[in-house]
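K.L.:
based on what follows, work out the 3D shape:
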Amino acid sequence: PPAAPPASLLFTADSITQALNPSQSPLEQMRREPQLMQLAQMARQNPALLSPLLLELQTSAPQLLQLVNNNQQAFQQFLNSPNPAASQPPPAPSASPPAPPLPAQAAPADTVQVSEQEMAAVMRLEQLGFPREAAYQAYMACDQNEQLAANLLFDSM
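P.N.:
Okay, here's the model as predicted:
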């Protein structure tokens, strides 16, 4: 039988991506993925959600799960950082003027604006016996798929 190729000749999607874009570390790649940012935020608030969220990632974004699996140390660092976006470079300056400051009566920082459709879905999940915040987080983490969110919530019980 032919001998196995040396480890240096094995190519993975991540090794090819890294070779094509060497300036971007796996940690930087994770910080640029909104779905992983949301997953990390939810996992920080409720660590028991991490496993079900990763299972959901397997179906919704397998390439992100592969990034996580191939770079577990970077993923742990990503999860443990208080604000993964904090070390990202600031966006390039644009020609448009900066946004005006928020008025004093603006909603608190922990308030999220949702559409009527989103609120109705979150309320239905809440009626299943889940706290509103958990229902909202699951709904958003599942790309606003109410059935997937319900499955995620029940699986995390």
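
K.L.:
my guess is Leu125 contacts Met140. True?
P.N.:
No: counting by C-beta atoms under 8 Å, Leu125 does not reach Met140; the two are 11.2 Å apart. Using the backbone N, CA and C atoms, a C-beta is placed for each residue, glycine as well.

K.L.:
which of the two has more residues huddled nearby?
P.N.:
Leu125 (22 against 17; other C-beta atoms under 10 Å).

K.L.:
mind giving me the packing neighbours of the helix or strand harbouring the more buried one?
P.N.:
According to DSSP states H and E, Leu125 maps onto helix 116-127. With contacts taken as 3 or more C-beta pairs under 8 Å, 6 or more residues apart in numbering; DSSP states H and E, helix 116-127 sits against helix 132-141, helix 146-155.

K.L.:
now, of the ones you listed, which is deepest in the fold?
P.N.:
helix 132-141 (a mean of 21; mean count of other C-beta atoms under 10 Å).

K.L.:
which of the residues in the helix holding Leu125 are buried?
P.N.:
118, 121-122, 125 (16 or more other C-beta atoms under 10 Å).

K.L.:
and which of the residues you listed is nearest Gln29?
P.N.:
Glu118 (28.7 Å; C-beta to C-beta).

K.L.:
that closest one: what's it in contact with?
P.N.:
139, 144 (C-beta atoms under 8 Å, 6 or more residues apart in numbering).

K.L.:
and the strands in this structure?
P.N.:
Applying DSSP state E to the chain gives no strands.

K.L.:
shaky segments in it?
P.N.:
Residues of the chain meeting the criterion pLDDT under 70: 1-23, 83-112.
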